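> Just need the structure, nothing else, for what follows:
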Amino acid sequence: MKRWEFKSQGKLLVIVLAINIILTSINLYMITQSSANLKLQSKINTLNIIVTAEDADLGKPVAYFFGENGNFKKTIHVGTLNAHLRLTMPHYGVVTIKLKGFNVTESKYLDDKQLYDVEVQLDERDKQVYVLAPGFNQIVAQIRLKAVVPLNSETILSDGESIRFPIGRIFFEVETYDFETRTSMSSEFSSKVFVTVEKPPFLD
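Reported below is the predicted structural model:
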């Protein structure tokens with residue numbers, strides 16, 4: 001009878017030890033997960049915005065303006081700039097892309113007397129505002145641009161029927177806003193702007 005009690009107590013001890021080992025493993029796993037989550041949360045709070053942008057190719061003219069001598073003096077171009085945004089947010093928020101400025105690039109194809117008249121602006125209907133979720137967010141922003149380009153038509157006509165060249169660099173500000181903490185963070189990016197000019201078909 002005593003031997004049976006001893007065996008029973010031995011089995012009970014083994015079961016208790018096994019349960020303790022399992023509970024210890026679970027606790028260690030939960031501590032490890034909690035530590036990993038805290039590290040991830042810390043990284044989320046300190047990560048910056050990463051933005052890369054392609055060159056903006058506005059293509060061929062959608063309209064021509066002519067001078068008194070019959071040569072075309074200005075062209076209007078419309079196209080899209082693709083900007084790739086990678087953001088990590090601790091809470092829900094919003095990101096806004098705003099035009100900051102444009103620097104013209106001197107070129108023999110531009111009218112050097114009207115360089116300050118080169119304009120690149122956002123499409124008025126294009127609102128670059130995106131809602132952000134907690135965690136990783138990846139956005140491809142398609143920014144519609146319109147350019148007014150004063151030209152040296154004589155140089156263009158003498159160099160060929162179709163010419164692609166840069167007119168300058170456009171600058172943007174990216175601002176994120178955290179709804180919960182009511183804090184904002186800003187970043188900037190820029191892109192080269194190209195146009196293609198060809199002799200109007202009705203001048204042939």
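> Now find how far off-centre the one helix or strand residue 190 maps to is within its chain.
The secondary structure element spanning residue 190 is strand 183-198 (assigned by DSSP states H and E). In this view, strand 183-198 has its centroid 10 Å away from the chain centroid, taken as Cα atoms, centre = their mean, to the nearest Å.
> This structure: helices as residue ranges?
Secondary structure of the chain, counting by DSSP state H: helices at 2-46, 153-159.
> now for the strand holding residue 190, which elements pack on it?
Contact analysis of strand 183-198 by 3 or more Cβ pairs under 8 Å, 6 or more residues apart in numbering; DSSP states H and E lists strand 50-53, strand 56-57, strand 72-89, strand 135-150, strand 162-178 as its packing neighbours. To be clear about C-beta, it is placed using only N, CA and C from the backbone, and glycine gets the same treatment.
> Now that strand: buried residues?
The neighbour-count criterion (16 or more other Cβ atoms under 10 Å) identifies 185, 187, 189, 191, 192, 193, 194, 195, 196, 197 as the buried residues of strand 183-198.
> With stretch 71-87 instead?
Applying a neighbour-count criterion of 16+ other Cβ under 10 Å, one finds 72, 73, 74, 75, 76, 77, 79, 80, 81, 83, 85, 87 buried in stretch 71-87.
> Could you check how sure the model is about stretch 119-133, as an average pLDDT?
Average pLDDT, stretch 119-133: 86.
> circling back: ok, which of the helices and strands packed on strand 183-198 comes nearest residue 124?
Among the helices and strands packed on strand 183-198, strand 135-150 comes nearest to residue 124, with 9.0 Å by Cβ to Cβ.
> got the buried residues for that closest one?
Neighbour counts using 16+ other Cβ under 10 Å place 137, 139, 141, 143, 145, 146, 147, 148, 149, 150 of strand 135-150 among the buried residues.
> List the contacts of the last one.
Spelled out, that is residue 150. By Cβ atoms under 8 Å, 6 or more residues apart in numbering, the residues touching residue 150 are 73, 74, 110, 111, 114, 115, 117, 118.
> Quickly note the distance from the second one to residue 125.
To residue 125, residue 74 is 23 Å away according to Cβ to Cβ, to the nearest Å.
> Likewise for the last one?
Distance of residue 118 to residue 125, computed by Cβ to Cβ: 22 Å.
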